[in-house]
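> build the 3D model from these lines:
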Amino acid sequence: MRRRSIVVAAVVLALLGAAAYYRYAPGQAPAGQPPLANLDQASFEQQFRAAAAGPRVLVLLSPT
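Sure thing, here's the model as predicted:
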């Protein structure tokens, strides 16, 4: 019973560590692709207005 508790705790800690790494590790775009942009309001408006010559698509995804 004690060994099972240790294994379960180790798995939970490993999953939490992986989730934290995935969340806080800096991401990189593949070679040849522009870097990912942060979408705060000011940069979003600037990028949206800069693309006025072409089609613009705004997609809102919700987990619910």
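
> what about the residue of the chain most remote from its centre, distance to V11?
Most distant residue from the mean C-alpha position of the chain: M1, 37.9 Å away (Cα atoms, centre = their mean). In this structure, M1 and V11 are 16 Å apart, going by Cβ to Cβ, to the nearest Å. Just so you know, the C-beta spots here come from the backbone N, C-alpha and C atoms, and that holds for glycine as well.

> report the contact partners of L36.
Listed by Cβ atoms under 8 Å, 6 or more residues apart in numbering, the contact partners of L36 are G27, A29.

> phi, psi of it?
Per-residue torsions, L36: phi -70, psi 150 (degrees, to the nearest 10).

> go on, A14?
Main-chain dihedrals, A14, degrees, to the nearest 10: phi -60, psi -40.

> residue nearest the centroid of the protein?
Nearest to the chain centroid, counting by Cα atoms, centre = their mean: R23, 6.5 Å.
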